[in-house]
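**Q** Attaching a predicted model along with its sequence, questions to come.
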Amino acid sequence: MSDQTYLPAGALPAPEPMNDGLDVPFWDGLNQGELRLQRCVPCDAFQLGPEWICHRCLGEDLEWAQVEPAGTIYSWERVWHPVTPALADAVPYIAVLVEVDGTGVRMVGNLLGATDQDVQIGSPVEGVFEQHEGYALLQWRAHG
């Protein structure tokens, strides 16, 4: 199987920003084909999910920085039981926990490609922005 969309069109509601709007830059970035993470200006630590203070130094001077959508597989799982009936036809699929290069941030997404592919912890991956009507998701593809 080649690259695919794991989320069937219209099967699930679009992700919505938090009530405080703190994560709007993250979602806006995905919609524009960019990965944006919150970064602390004083200590240069990245974090996701966004907060009003830095997880490392407790500073309050935070900004959003565009980072390369690339990383390494930290953990993975082949999913056989869908989390919702809307994904019943999508199983099995591979969910990966990716550590984004140079940030220490770990993100979950699907690994595009064959569902029986060999997956190795530590393997490099690159981000793929999966467009849906009104929103985008970040998925991952084996690199190299």
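**A** Perfect, I can see it now. Numbers count the residues shown, from 1 in each chain.
**Q** ok, the nearest residue to Gly104 once chain neighbours are set aside to Ala65 distance?
**A** Leaving out its chain neighbours, the residue that sits closest to Gly104 by CB to CB, 6 or more residues apart in numbering is Phe46, at 6.2 Å. Placement of C-beta: from N, CA and C, glycine included. Distance, Phe46 to Ala65, using CB to CB, to the nearest Å: 7 Å.
**Q** next one: Glu99
**A** Taken as CB to CB, the span from Glu99 to Ala65 is 17 Å.
**Q** Same question for Gly134.
**A** Distance from Gly134 to Ala65, counting by CB to CB: 25 Å.
**Q** In contact with the residue nearest to Gly104, which residues?
**A** Applying CB atoms under 8 Å, 6 or more residues apart in numbering to Phe46 gives the contacts 37-40, 65, 67, 100, 103-105.
**Q** Could you pick out the buried ones from those residues?
**A** Among the contacts of Phe46, those scoring as buried are 37-40, 65, 67, 100, 103, 105 (criterion: 16 or more other CB atoms under 10 Å).
**Q** From those residues, which land in strands?
**A** 37-40, 65, 67, 100 (DSSP state E).
**Q** any idea how this protein splits into domains?
**A** By the assignment in automatic domain parsing, the chain contains the domains 16-67, 69-144.
**Q** picking that back up, what residues are shared contacts of Phe46 and Ala65?
**A** Common contact partners of Phe46 and Ala65 (CB under 8 Å, 6+ apart): 37-39.
**Q** List just the nearest of these to Gln120.
**A** Leu37 (24.9 Å; CB to CB).
**Q** so who does that closest one touch?
**A** With contacts defined as CB under 8 Å, 6+ apart, Leu37 is in contact with 26, 46-48, 64-65, 67, 100, 103, 105.
**Q** does Ile94 count as helix, strand or coil?
**A** strand (DSSP: H, G, I helix; E, B strand; the rest coil).
**Q** ok, it - contacts?
**A** Neighbour list for Ile94: 76-79, 110-111, 115, 117, 119 [criterion: CB under 8 Å, 6+ apart].
**Q** cool, and Gly122?
**A** Here Gly122 is in contact with 72-73 (CB under 8 Å, 6+ apart).
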